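> Need coordinates for the following:
(4 chains)
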There are 2 protein chains.
Amino acid sequence: MGRPTMNDVARHAGVSLKTVSRVVNGETSVSADLAARVQAAVDMLHYRPNIGASMLRRADRRTRTIAVLLEDVGNPFSSSLHRAVEDEARTRGVQVLTGSLDEDPQRERELARVFTMRRADGLIIAPASTDQAYLATEVQQDTPVVFVDRPANGFPGDCVIATNVTGATEAVRHLVAHGHRRIAHLGDYARIPTARSRHQGYLAALAEAGLAVEPDLIVQDLHDEAAAESATMTLYARPDPPTALFTSQNLVTVGAVRALRRLRLHRAVAVVGFDDFPLADLLEPAVTVVAQDPALMGRTAARALFERIDGATGAPREFWIPTSLIRRGSGELPPSRSLRDAIAL
Amino acid sequence: MGRPTMNDVARHAGVSLKTVSRVVNGETSVSADLAARVQAAVDMLHYRPNIGASMLRRADRRTRTIAVLLEDVGNPFSSSLHRAVEDEARTRGVQVLTGSLDEDPQRERELARVFTMRRADGLIIAPASTDQAYLATEVQQDTPVVFVDRPANGFPGDCVIATNVTGATEAVRHLVAHGHRRIAHLGDYARIPTARSRHQGYLAALAEAGLAVEPDLIVQDLHDEAAAESATMTLYARPDPPTALFTSQNLVTVGAVRALRRLRLHRAVAVVGFDDFPLADLLEPAVTVVAQDPALMGRTAARALFERIDGATGAPREFWIPTSLIRRGSGELPPSRSLRDAIAL
DNA sequence: CTACTCGGTGACAACGTTGTCACGACCTGG
DNA sequence: CCAGGTCGTGACAACGTTGTCACCGAGTAG
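So this is what the prediction gives:
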């Protein structure tokens, strides 16, 4: 004996199945006494509508479910974004399915397919793959997709993206303004679009300041703390190390800070990181960052998605979420004259 | 024209609906050439089964969905736990619905009801309310519920809980071992069971060391950084402040550390926090904590849940997830003789 | 050669719900 | 008093799928 159905309620209340349906759906065309009898039966049996069955029959075909594909629901950026999406969904009585992609394009496709089979009303995707053309066959014609954090390719959908290029430019310009001429860039996987944009912003700031690009000072494909830490160690084993670092992602920033600590250079080398992280203000020196606003990105993406679900048409839109430079200390350190001495120390 | 259905595929392949069903479900009793024709039609039409409809008809009534109710999917503890649950679910082809409770008992009931209407196969709940008796009428007889982080009341289900009491005792014992006699406790909302357990552990360690409980040194109902920071400030405005702090939650720990910084007491007052947090090792001094293992808690809860979903019966089980003391510096500071002088400074 | 089995296939009902329509009771206006 | 409309209610089909069962043809044993 599973859960009671509408039929059970109808029998209990001595009315027809359809009348129960009407009461449960709050239609007003039911007489007061029948409605009361139905309600009593519902309460007695603890009846709960099966919304799966309901969606099957309903005209609008809505599951009142959206799916969110993020890099990793366990990391701070993704989870803040997730939370903001949840809050928007909640006001609409919509539930949220999530999945982590771990930078795996294959997994992105798999999950898109799975959520399609579940007939999610819409998808929010932080792409791990470089090409979303597969979505054309994977999702239903009228299932909207909103891309967040990274741009989409090959599939039309609203995009919600941080101002990566200008944010990175601002970061590097800030270092230049504090007198730095040799500024290294520690970047994430070069295949990640945001990493490329930030790299581009770095180059733009150098160009603007008339500084030469020194390939030796650019290290890419750093994705975790350990890689960033060892890359930083290597950088400072060179004869002529940079006086400042621009790190393009928070794990990279933390790895670099760790390395500078070990080298006792944390008060000698300036650092500006892209993306804020908790406790950045409590480190010594506190870490200057270009902060993103993941909650705003999530809220914006969710709102855009719901507008589409509610029928908004028109060309794909781009929402640019501004970044903001937060001066905390590490980015305001002046260039150290005697870095090599400091290292020798 | 929505998505193609099995009927469309059947028509295209020139076979019956049922044959398509068999092929889609991988039944082997279909001849090779019919199976091939069906597969071709599936590929051509980009057919995707509607698993909502499928679940309605299937004998096992499984939605292959579980629901996870956490405090806040955006905080580090909840999101690590969530991620671990996702990984377990993924190996089983099960999807995860999540919801944040924000310590709101009402919201816990609402979400339990919503996920029931969606016929989730099982629930993982980090309770926000003190009584889960409502689940008896809310969830189906055979829908298992696993409680995580906090114990349940009034409803049978496996529990996955950190060793809060012994962890807290170990923390305080550690401070005692370093010579502290006046150890304050900064606790979360007293209504939260874990906060109470940690408080209990604190008292046990004092008793064990023959130290008197000083009510003035116990501050409860601190739930965020700001509250913890101002409580700490107040504590050090007293004539005879504690030489060490035991903080029962990571936001409280961070708030306390912030206050000690402002008071320039961060090298004078020992701190041990309950629950680890990113970058605790990079602060000065690095923060000694009793670490929980949220990923292990999530994994354990998910495995327990799936065992129940797969039919395991028997009395509710308790899984105790051990905590571990991580010595980093702040907890090893000796008692300062001249705290009042330091404050005056 | 017959009876019986077995493997492959399809017709049909059913899952729990909502959309459509028809029916009867009551009211209203001429 | 009757035609026409409105209101409340229920019978029935349908959503997309799977479970059940019956059927057909071929192979096998007696």
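
> Show me what from the stretch 1-150 of chain A comes close to DNA strand D.
The stretch 1-150 of chain A has residues A:15-19, A:22, A:29-31, A:33-34, A:53, A:56-57 near DNA strand D, with proximity defined as C-beta under 7 Å from any atom of the strand. Placement of C-beta: from N, CA and C, glycine included.

> For these, point out the one with the lowest pLDDT.
Within those, A:Ser29 has the lowest pLDDT, namely 86.

> show me what contacts it?
A:Arg22 (C-beta atoms under 8 Å, 6 or more residues apart in numbering or on different chains).

> what's the answer for A:His266, then?
A:His266 makes contacts with A:Val257, A:Leu260, A:Glu284, A:Pro285, A:Ser330, as judged by C-beta under 8 Å, 6+ apart.

> ok, and which of those residues reach chain B?
Filtering the contacts of A:His266 for proximity to chain B by C-beta under 8 Å from any C-beta of the partner chain leaves A:Val257, A:Glu284.

> Quick check: phi and psi on the residue lying closest to A:Leu45 once chain neighbours are set aside?
Leaving aside its sequence neighbours, A:Leu45 sits nearest to A:Pro4 (C-beta to C-beta, 6 or more residues apart in numbering or on different chains; 4.3 Å). Dihedral angles of A:Pro4 (phi, psi; degrees, to the nearest 10) stand at phi -70, psi 150.

> From A:Tyr47, how far out is A:Pro4?
Using C-beta to C-beta, to the nearest Å, A:Pro4 is found at 5 Å from A:Tyr47.

> now swap in A:Ala40 and tell me
According to C-beta to C-beta, A:Ala40 and A:Tyr47 sit 11 Å apart.

> so A:Asp96 sits right up against A:Leu69, yeah?
For residue A:96 the amino acid is Val, not Asp. No: the criterion here is C-beta atoms under 8 Å, and A:Val96 misses it with A:Leu69 at 11.3 Å.

> Can you name the residue of the stretch 151-300 of chain A nearest chain B?
Among all residues of the stretch 151-300 of chain A, A:Leu279 sits closest to chain B, at 4.6 Å; criterion: C-beta to the nearest C-beta.

> Who are the contact partners of A:Ala120?
By C-beta under 8 Å, 6+ apart, the contact set of A:Ala120 is A:Thr63, A:Thr65, A:Ile66, A:Ala67, A:Leu97, A:Thr143.

> Now the two most distant members of those.
Farthest pair in these (C-beta to C-beta) is A:Leu97 and A:Thr143. Separation: 13.4 Å.

> Check which helix or strand A:Met297 maps to.
Assessed by DSSP states H and E, A:Met297 sits inside helix A:294-309.

> A:Cys159 now?
Here A:Cys159, judged by DSSP H and E, is contained in strand A:158-162.

> Taking helix A:294-309 as reference, get the angle to that strand.
Relative orientation of strand A:158-162 and helix A:294-309, computed by axes from the mean of the first three to the mean of the last three C-alpha atoms, to 10 degrees: 170 degrees.

> per-residue confidence averaged over strand A:158-162?
Rounded to a whole number, the mean pLDDT of strand A:158-162 is 98.

> Check which strands are paired with that strand and give the direction for each one.
Paired neighbours of strand A:158-162 in the sheet (DSSP bridges): strand A:145-148 (parallel), strand A:318-321 (parallel).

> Show me which residues of that strand are buried.
Of all the residues in strand A:158-162, those buried under the rule 16 or more other C-beta atoms under 10 Å in any protein chain shown are A:Asp158, A:Cys159, A:Val160, A:Ile161, A:Ala162.

> List the contacts of the first one.
It refers to A:Asp158. Counting by C-beta under 8 Å, 6+ apart, A:Asp158 makes contact with A:Pro144, A:Val146, A:Phe147, A:Ala301, A:Ala304, A:Leu305, A:Arg308, A:Pro316, A:Arg317, A:Glu318, A:Phe319.

> need the contacts of A:His266 in CSV with neighbour count and secondary structure, can you?
CSV is the format used below for those (neighbours: other C-beta atoms under 10 Å in any protein chain shown; DSSP: H, G, I helix; E, B strand; the rest coil):
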residue, neighbour count, secondary structure
A:Val257, 27, helix
A:Leu260, 21, helix
A:Glu284, 14, coil
A:Pro285, 16, coil
A:Ser330, 27, helix
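
> tell me the two of the contacts of A:His266 that are most distant?
Of all pairs in the contacts of A:His266, the most separated under C-beta to C-beta is A:Leu260 and A:Glu284 at 11.2 Å.

> where exactly do the helices run in the stretch 151-300 of chain A?
Applying DSSP state H, counting those that start in this stretch to the stretch 151-300 of chain A gives helices spanning A:164-177, A:193-208, A:225-235, A:250-262, A:294-309.

> Of all those, which one is nearest A:Ile125?
Distance to A:Ile125, taken as C-beta to C-beta, is lowest for helix A:294-309 among the helices of the stretch 151-300 of chain A, at 9.3 Å.

> For the residue nearest the centre of chain A, which non-adjacent residue is closest in space?
The centroid of chain A falls nearest to A:Ser78 when counting by C-alpha atoms, centre = their mean (4.5 Å). Leaving aside its chain neighbours, A:Ser78 sits nearest to A:Leu70 (3.9 Å; criterion: C-beta to C-beta, 6+ apart).

> Which residues does that neighbour form beta bridges with?
Beta-bridge pairing for A:Leu70 (DSSP bridges): A:Ser100.

> In contact with A:Leu45, which residues?
By C-beta under 8 Å, 6+ apart, the neighbours of A:Leu45 are A:Pro4, A:Asp8, A:Val9, A:His12.

> Contact partners for the nearest residue to A:Gly157 once chain neighbours are set aside?
Distance criterion C-beta to C-beta, 6+ apart; nearest residue to A:Gly157, sequence neighbours excluded, is A:Val145 at 4.1 Å. Neighbouring residues of A:Val145 by C-beta under 8 Å, 6+ apart: A:Gly122, A:Leu123, A:Ile124, A:Ile125, A:Gln132, A:Leu135, A:Val139, A:Ala152, A:Phe155, A:Gly157.

> Name the surrounding residues that touch stretch A:298-314.
With C-beta under 8 Å, 6+ apart as the contact definition, stretch A:298-314 has outside contacts at A:62, A:66, A:80-85, A:87-89, A:92, A:94, A:121-124, A:144, A:146, A:148, A:158, A:160, A:317, A:319, A:321.

> That's all I had, so thanks and see you.
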